[in-house]
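Trainee: Sequence first, then the predicted structure:
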Amino acid sequence: MKAKEVQGAVIFRAGAFRRRIAWVFALQFVAVAIVCVMGTYDQAPLPAVIAVIVIVTGLAWLATRREWQPVSALARLISEWRDGQSDPAALRPERLSRRTDADLAMLARGLHGFASRIADYGQRERNFTRDASHELRTPLTVIRMAVDMLADETGLGDSGRRSVRRIHRATRELEALVEVLLILARESDPGGAVERFVVNDVLRRELETARDLMAGSPVELQLEEPARFALRGSVRAFSVLCWQLIRDACQHAGTGRVVVTVLPDAITVSHASGDAAARSGSERLSFELAIAQRISDRFAWPLELHAPGKPGVARVRFPHTLPVAA
């Protein structure tokens, strides 16, 4: 009994493609066999036999190609698929030819369902990141404004003003981290605002912020600039990447020194620990290195990490550097 699949007004028959191909090759075999027999018994000249074989083979190829068109159309549609840009409705089985086999229609229906779920997931992701962005940034903005007002108070002592500055800088760093985490959470996001920035200038700001946030720590932070270059990309993402590498190096340095070096097409963050206990760490990537790795993967800035839990060098390479304007 022939299985049928009804999708709206279109009826797909299971095994129809195989049957049609079988008929094509069966008729080709019969025609070739007849002309070969006629040639064997001198009922037809050899050139005519060869011509008939060529013609029959060509017709069989054309018929097979015609039967294969629905498969080629579906394969072409899948190869040109772009998540977030293509319409899942293009994969609906109703749009297939009436000659389409039921197995191919079932494949198209499965791809349509999968594409629809992916589109729904992308929409939910965009909604979540939009709402999370608002809900996270609003309290951070309130904190920053309150700290700015507190900094204008005349009765604050030196210790209070240092604390206010640290809260202000920590809030700014948290805002940058939240923005980059939201960028990483959005698969289709191009990476935030794209701008041209000088790597050396950003590193100086990050090291200055790190010194303020780590006031009282025995770790010494140092910047070496044998080279100077610029990048075009997300300065927020670059700042958080560098800050995460600096934080990780400071945790491993103990009472030693952390050196950030700017090379012609890379930056390195190295640490020399003066505390043996600081060198015995976990074999797992720290939270800081995990964030740095995700940022480097997202923005195509290759990151080379030292062995987890051991002192060494973390190097970030930048394939597309720009000269610094005079």
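Mentor: Looks like it arrived, so ask away.

Trainee: Please count neighbours and contacts with C-alpha atoms only from this point.
Mentor: Will do.

Trainee: What are the buried residues along stretch 212-231?
Mentor: 212-214, 219-221, 228-231 (16 or more other Cα atoms under 10 Å).

Trainee: Please produce CSV containing these, extended by pLDDT.
Mentor: Listed next are those as CSV, based on pLDDT from 0 to 100:
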residue, pLDDT
Asp212, 75
Leu213, 71
Met214, 72
Val219, 83
Glu220, 86
Leu221, 89
Arg228, 93
Phe229, 93
Ala230, 93
Leu231, 92
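
Trainee: Among these, name the ones in strands.
Mentor: Members of the buried residues of stretch 212-231 lying in strands (criterion: DSSP state E): 220-221, 230-231.

Trainee: nearest to Ala105, of those residues?
Mentor: For these, the minimum distance to Ala105 (Cα to Cα) is 49.0 Å, reached by Leu231.

Trainee: hmm, back to that, which pair of the ones in strands among the buried residues of stretch 212-231 spans the longest distance?
Mentor: Pairwise distances across those peak at 27.2 Å for Glu220 and Leu231 (criterion: Cα to Cα).

Trainee: residue boundaries of the helices in the stretch 101-250 of the chain?
Mentor: 102-151, 158-185, 199-213, 235-253 (DSSP state H, counting those that start in this stretch).

Trainee: What is the first one packed up against?
Mentor: Contact here means 3 or more Cα pairs under 8 Å, 6 or more residues apart in numbering; DSSP states H and E; on that basis helix 102-151 packs against strand 10-13, helix 158-185.

Trainee: Over it, what's the mean pLDDT, rounded is fine.
Mentor: Here helix 102-151 scores 79 as its mean pLDDT.

Trainee: Then the last one?
Mentor: Mean per-residue pLDDT for helix 235-253: 85.

Trainee: Then stretch 24-43?
Mentor: The pLDDT scores in stretch 24-43 average 81.

Trainee: now swap in stretch 76-84 and tell me
Mentor: Average pLDDT, stretch 76-84: 71.

Trainee: follow-up on the earlier one: rebuild the ones in strands among the buried residues of stretch 212-231 as TSV, extending it with distance to Ala119.
Mentor: Formatted as TSV, those follow (distance: Cα to Cα, whole Å):
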residue	distance to Ala119
Glu220	49
Leu221	47
Ala230	37
Leu231	33
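
Trainee: Please identify which of those residues is nearest to Val52.
Mentor: Nearest to Val52 among those: Leu231, at 67.8 Å, using Cα to Cα.

Trainee: which residues does the closest one contact?
Mentor: Neighbouring residues of Leu231 by Cα atoms under 8 Å, 6 or more residues apart in numbering: 196-199, 320-322.

Trainee: For it, give the beta-bridge partners.
Mentor: Leu231 forms beta bridges with Phe197, as assigned by DSSP bridges.

Trainee: among the helices and strands packed on helix 102-151, which is the most enclosed?
Mentor: Mean neighbour count (mean count of other Cα atoms under 10 Å) peaks for strand 10-13 among the helices and strands packed on helix 102-151, with a mean of 19.

Trainee: circling back: which of the helices and strands packed on helix 102-151 has the lowest mean pLDDT?
Mentor: Note on those: strand 10-13 shows the lowest mean pLDDT, a mean of 53.

Trainee: Specify the local secondary structure of Ala325.
Mentor: Secondary structure, DSSP: H, G, I helix; E, B strand; the rest coil: Ala325 is coil.

Trainee: quick one: it and Arg172, what's the gap?
Mentor: Distance, Ala325 to Arg172, using Cα to Cα, to the nearest Å: 28 Å.

Trainee: same thing with Ser296?
Mentor: 21 Å.

Trainee: ditto for Ile53
Mentor: Distance, Ile53 to Arg172, using Cα to Cα: 80 Å.

Trainee: Then Leu62?
Mentor: For Leu62, the distance to Arg172 - Cα to Cα - is 67 Å.

Trainee: Next up, phi/psi of Asp152, please.
Mentor: phi -80, psi -10 (degrees, to the nearest 10).

Trainee: ok, and the closest non-adjacent residue to Val262?
Mentor: Glu225 (5.0 Å; Cα to Cα, 6 or more residues apart in numbering).

Trainee: Surely the one you found and Leu263 touch.
Mentor: Yes - counting by Cα atoms under 8 Å, Glu225 touches Leu263, with 7.2 Å between them.
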